[in-house]
Structures are given as structure tokens and as C-alpha cells.
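Asker: Return a 3D structure for these sequence lines:
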Amino acid sequence: KAIVSSWELFKNEIGIPSAYLIGQEITPDNVTQNSIDLLAYDPDDSSLVVIELKRDKHKLHLLQALSYAAMVNRWDSDTLISKIQKDLNPDFDELVELISGNTINPDVRVILIAESYDPEVIITADWLSSSYSVDISAFAVSLHALDGQTFLSFDQRYPIKELDELYEARSQRKRKKTVTDDISWD
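Answerer: Numbering: from 1, shown residues only. Below is the predicted model of the structure:
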């Protein structure tokens, strides 16, 4: 619920700034009783983005998301438009216009969101990405409360951040620490 209600912030945080939310709990195919937690459309490359959410961790997280991606990769623009949940999308008319008549990119992106991951999920994501060019990202989510408000924070777990980025982040933390050494809680 927090992700859907703050979609604009969320999509920027996970690296899909131009994506539109199609809906939540979308049935990918009539042959399944399961549903996609969140489905988005990125007009930059006309691709669908399957976002699968889990509390804690689950070894079948990636398999579930991949099966949904396989089911929606053949959708046409009319099918996608029929799945848009108007109550979640204030830009409904704009989104329909972006999708209408366009060929939907069959390369569906997969984004996993969970509190933590079994190593097998990350290893498999890396194998699928490097060997088969499947676009997969994984983010760990944590929940924080402050003054009656709830906040989510996301930490990218896959693709693994480049070593240079880690060193840059470490040096920025050191610089910030030296600047604030003279500040106390009092």
C-alpha cells in the first residue's frame, strides 16, 4: 500500500523514473490463480515491468516473477490497456495514449522487492542476466517509523553495485563524518 500510494517516489528510487503504474494484483493469464503484485509500463522502450513483492525472503521469488513475465510478454497494447486500474492511475488518458497502437516490447523487466534474499536467488538472477540478457533487479526493503509516519528504504542487491561506486560512497561517508564530529546530540 505504501509503494502504490507513493508511486512517484518509489519508481525513482528503483530506477524506472518514466514508468506508469498499470495496477496491482494483475492476473497475467486466465490459466493461473496468481497475480502480479505490481505491473508498470515504461514508455521509454514500451516495456512492461513486473514487480514482485515478498516479506522476508522466499527461494521461489524469482521463479514466480519470471513466470509472470513469460505470461505478459505476448500482450498487445489492447490487452495492456484493459488491465489499467483507473483508480490507481491519475494519468489514465495520457497512459492510454502512450500505449495505443504501440507494439509492446517482449523483453519484460523483472524487479524483486523483499526484506532479504537467499543467495540462490541472486546467483540465479546473475546467471539469467549475464547469460540470457534478462533484465532483473533486486532491492531489499526496510520499514522505518518516525513520528507516526512510515518510511520505506531500498537497498539495491542486484545488479551488484560496481566497486568504484562502493569506494565513492565510502569516501563520501568519511567526508561527512569529519564535518559533523563537532556536533553533539545536546
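Asker: can you tell me the helix or strand for the closest residue to Val49 other than its chain neighbours?
Answerer: Nearest residue to Val49, sequence neighbours excluded (Cβ to Cβ, 6 or more residues apart in numbering): Ala40, at 4.1 Å. Heads up, the C-betas are built off the backbone N, CA and C, glycines and all. Element membership for Ala40, per DSSP states H and E: strand 36-42.
Asker: so what does that strand touch, helix or strand wise?
Answerer: strand 20-26, strand 47-53, helix 61-72, helix 92-99 (3 or more Cβ pairs under 8 Å, 6 or more residues apart in numbering; DSSP states H and E).
Asker: Please, where are all the helices along the protein?
Answerer: 2-5, 7-13, 61-72, 77-83, 92-99, 119-132, 163-180 (DSSP state H).
Asker: sorry, back to before: next up, the contacts around the residue nearest to Val49.
Answerer: Listed by Cβ atoms under 8 Å, 6 or more residues apart in numbering, the contact set of Ala40 reads 11, 16, 19-22, 48-49, 51.
Asker: Closest one to Ile104 out of those residues, please.
Answerer: Of all the contacts of Ala40, Ile104 sits closest to Leu48, with 6.5 Å by Cβ to Cβ.
Asker: Next one: the closest residue to Leu98 other than its chain neighbours, what pLDDT does it get?
Answerer: Spatially, and ignoring its direct neighbours in sequence, Leu98 is nearest to Pro43 (4.6 Å; Cβ to Cβ, 6+ apart). Pro43 is assigned 95 on the pLDDT scale.
Asker: okay, now Pro43: neighbour count?
Answerer: Pro43: 15 surrounding residues under other Cβ atoms under 10 Å.
Asker: check contacts around it.
Answerer: Pro43 touches 18, 20, 98-99, counting by Cβ under 8 Å, 6+ apart.
Asker: Including neighbour count, distance to Trp127 and pLDDT, could those residues go into TSV?
Answerer: Below are the contacts of Pro43 laid out as TSV (neighbours: other Cβ atoms under 10 Å; distance: Cβ to Cβ, whole Å; pLDDT from 0 to 100):
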residue	neighbour count	distance to Trp127	pLDDT
Ser18	13	28	95
Tyr20	22	30	95
Leu98	17	33	93
Ile99	21	32	95
